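> Pasting a predicted model and its sequence here:
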Amino acid sequence: MKEKAVRADFMYYVWLFFLTAVFGWLWEGLLYLVKDEMYVNRGFLTGPWLPIYGMGAVMLEILFHRWRDRPALIFVLSMLLCTILEYAAGWYLETKWGIKWWDYSGALFNLHGRICLVSSLLFGVGGMLLVWVASPLFYAVYRKIPVKCRVVLGALAIGLFVADATYSAIIPHTGVGITYR
């Protein structure tokens, strides 16, 4: 039986954005901790979030939730959409600030060091798991949180994020592992 698509409210997407942006920050911090044996804040922002993860997750959920019963399709579409998003973000950051926040130049099948095959495949797996498994579970938990709490905490997170983004637009975080052109 096909699952009926649930139309979530705006605050759900706010929470999904922050949950996945913080997850991305933790994920990349852990990867560099294991790889380089040192912690690296990989983000453009100072705070504990990587908005590219949040933006990608919200886009995937909005666009692909209707195909939850088709994980292979979600895999392919997530791989394509997230690869385009990562390339565009890399190009923008390099163009705007002359800084390369990531570089896949040494990886097989890379394009200008901004994207590569392995990361694209991981985007497909991550998008599939997000839309197929994580988002429905998160939505079930989200609905149990009182509405007032959802709104207040969501608004607080937005306020902190805007303050961080404003600060970082003036003085971008350029930590270890970032290359300058």
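That came through fine. Residues are numbered from 1 along each chain as shown.
> tell me the pLDDT at the most centrally placed residue in the chain?
Central residue of the chain (C-alpha atoms, centre = their mean): Tyr53, 0.3 Å from the mean position. Tyr53 carries a pLDDT value of 94.
> name the element it belongs to?
Secondary-structure element containing Tyr53, defined by DSSP states H and E: helix 51-64.
> Correct me if wrong: Leu50 contacts Gly29.
No - between Leu50 and Gly29 there is no contact under C-beta atoms under 8 Å: 9.5 Å. For every residue, glycine as well, the C-beta is placed using N, CA and C.
> what sits in contact with each of the two?
Common neighbours of Leu50 and Gly29, using C-beta atoms under 8 Å, 6 or more residues apart in numbering, are Arg42.
> More neighbours: which of those two?
Leu50 (25 against 17; other C-beta atoms under 10 Å).
> ok, now which ones touch that one?
So Leu50 contacts 21, 24-25, 28, 42-43 (C-beta under 8 Å, 6+ apart).
> of all those, which two lie farthest apart?
Within the contacts of Leu50, Ala21 and Arg42 form the most distant pair, 12.0 Å apart (C-beta to C-beta).
> More neighbours: those two, which one.
Of the pair Ala21 and Arg42, Ala21 is the one with more neighbours under other C-beta under 10 Å, namely 26 against 20.
> Am I right that that one is in a strand?
No - Ala21: not assigned to a strand; according to DSSP: H, G, I helix; E, B strand; the rest coil it is helix.
> doesn't Gly56 make contact with it?
No - here Ala21 does not reach Gly56: they are 9.5 Å apart, not a contact under C-beta under 8 Å.
> quick one: low-confidence parts of this protein?
1-7, 173-181 (pLDDT under 70).
> Show me where it has its helices.
10-36, 51-64, 71-97, 117-129, 135-144, 147-170 (DSSP state H).
> The second one: which residues count as buried?
The neighbour-count check on helix 51-64 (16 or more other C-beta atoms under 10 Å) flags 51-61, 64 as buried.
> As a markdown table, those with distance to Leu33 would be great.
Converted to a markdown table, the buried residues of helix 51-64 look like this (distance: C-beta to C-beta, whole Å):
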| residue | distance to Leu33 |
| --- | --- |
| Pro51 | 21 |
| Ile52 | 20 |
| Tyr53 | 17 |
| Gly54 | 21 |
| Met55 | 24 |
| Gly56 | 22 |
| Ala57 | 23 |
| Val58 | 27 |
| Met59 | 28 |
| Leu60 | 26 |
| Glu61 | 28 |
| Phe64 | 31 |
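> So for stretch 40-58, first residue to last residue, what's the gap.
25 Å (C-alpha to C-alpha, to the nearest Å).
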